[in-house]
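[1] show me the folded form of this:
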Amino acid sequence: MSSEWRPRLRGYRSPPPRWSARAWERPGARAVRAGSSRGFTLVEMLLAIVVLGVGVAGVMLAFSTAVRGSGDPLVQQQMLAIAEEMMEEIQLKPYAAAANAAPAGCARDTFNDVLDYNGYSQAACAIDGTPIAELAGYSVSVSVTNTALSGVGEALRIRVTVSRGSDSLQLIGWRTNYGG
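    Numbering: from 1, shown residues only. I've put the predicted structure just below:
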């Protein structure tokens, strides 16, 4: 077999391409064997980088969403604990109104009946007005209203709202005049 070029005829099988140091010997010849080239083209590499970049961006978005919301249950539990504590404190006070001294700041130690809490709106603090550093971002507001409760003559509806930033939690309880 000579290295000269021959036209392709029907039924004629050309010999497999050979390595040639002189690619100009025949028209269309290459210096490498056809089908044995390895690697990626620039377009394939760019496409792979774009696809991988979109995939990594999606995974990172999922992680950031999960991490951003991971503290929410803790904040909700803390707000619930503050609201339950305040609700219990209010419900343990007597129903009947009694005279008392005005509290200082967020102190509630002079409150001596349920209606004293109406309109209370302060940052979360201890009953004596001592600020609690760990609860600095939380605020508490209380509303006490005279409301009819089916079958009960005298009832007070107590609404405790605890908020932190854009989150808020509301607890509603009742105090009746069962002793008087």
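[2] which stretches of this protein have low pLDDT?
    Low-confidence segments of the chain (pLDDT under 70): 1-37, 69-71, 179-180.
[3] where do the strands of it begin and end?
    121-123, 139-146, 155-164, 167-176 (DSSP state E).
[4] what helices and strands are in contact with the second one?
    Meaning strand 139-146. helix 72-91, strand 121-123, strand 155-164 (3 or more C-beta pairs under 8 Å, 6 or more residues apart in numbering; DSSP states H and E). C-beta coordinates here come from the backbone N, C-alpha and C atoms, glycine included.
[5] give me whichever of the strands of the chain is most buried.
    Mean neighbours per residue, mean count of other C-beta atoms under 10 Å, is largest over these for strand 155-164, with a mean of 19.
[6] that one: partners in the sheet, and parallel or antiparallel?
    strand 139-146 (antiparallel), strand 167-176 (antiparallel) (DSSP bridges).
[7] how far off centre is the last one?
    Centroid displacement of strand 167-176 relative to its chain, using C-alpha atoms, centre = their mean, to the nearest Å, is 25 Å.
[8] so what's residue 131 closest to, chain neighbours aside?
    residue 125 (5.1 Å; C-beta to C-beta, 6 or more residues apart in numbering).
[9] Throw the helices and strands packed on strand 139-146 into TSV and include distance to residue 47, thanks.
    Compiled in TSV, the helices and strands packed on strand 139-146 are given as follows (distance: least, C-beta to C-beta, whole Å):
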stretch	distance to residue 47
helix 72-91	39
strand 121-123	56
strand 155-164	47
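[10] of all the ones you listed, which one comes closest to residue 131?
    Evaluated over the helices and strands packed on strand 139-146, closeness to residue 131 peaks at strand 121-123, with 7.0 Å, by C-beta to C-beta.
[11] please name every helix or strand in contact with the closest one.
    Counting by 3+ C-beta pairs under 8 Å, 6+ apart, strand 121-123 packs on strand 139-146.
[12] measure how the strand it packs on sits relative to helix 72-91, angle-wise.
    Between strand 139-146 and helix 72-91, the angle comes out at 40 degrees (axes from the mean of the first three to the mean of the last three C-alpha atoms, to 10 degrees).
[13] how much space between residue 157 and residue 178?
    15 Å (C-beta to C-beta, to the nearest Å).
[14] report the contact partners of residue 118.
    142-145 (C-beta atoms under 8 Å, 6 or more residues apart in numbering).
[15] closest one of the residues you listed to residue 98?
    residue 144 (14.5 Å).
[16] against residue 76, how distant is the nearest residue to that closest one once chain neighbours are set aside?
    Closest residue to residue 144 apart from its sequence neighbours, by C-beta to C-beta, 6+ apart: residue 118 at 4.0 Å. Separation of residue 118 from residue 76 (C-beta to C-beta): 26 Å.
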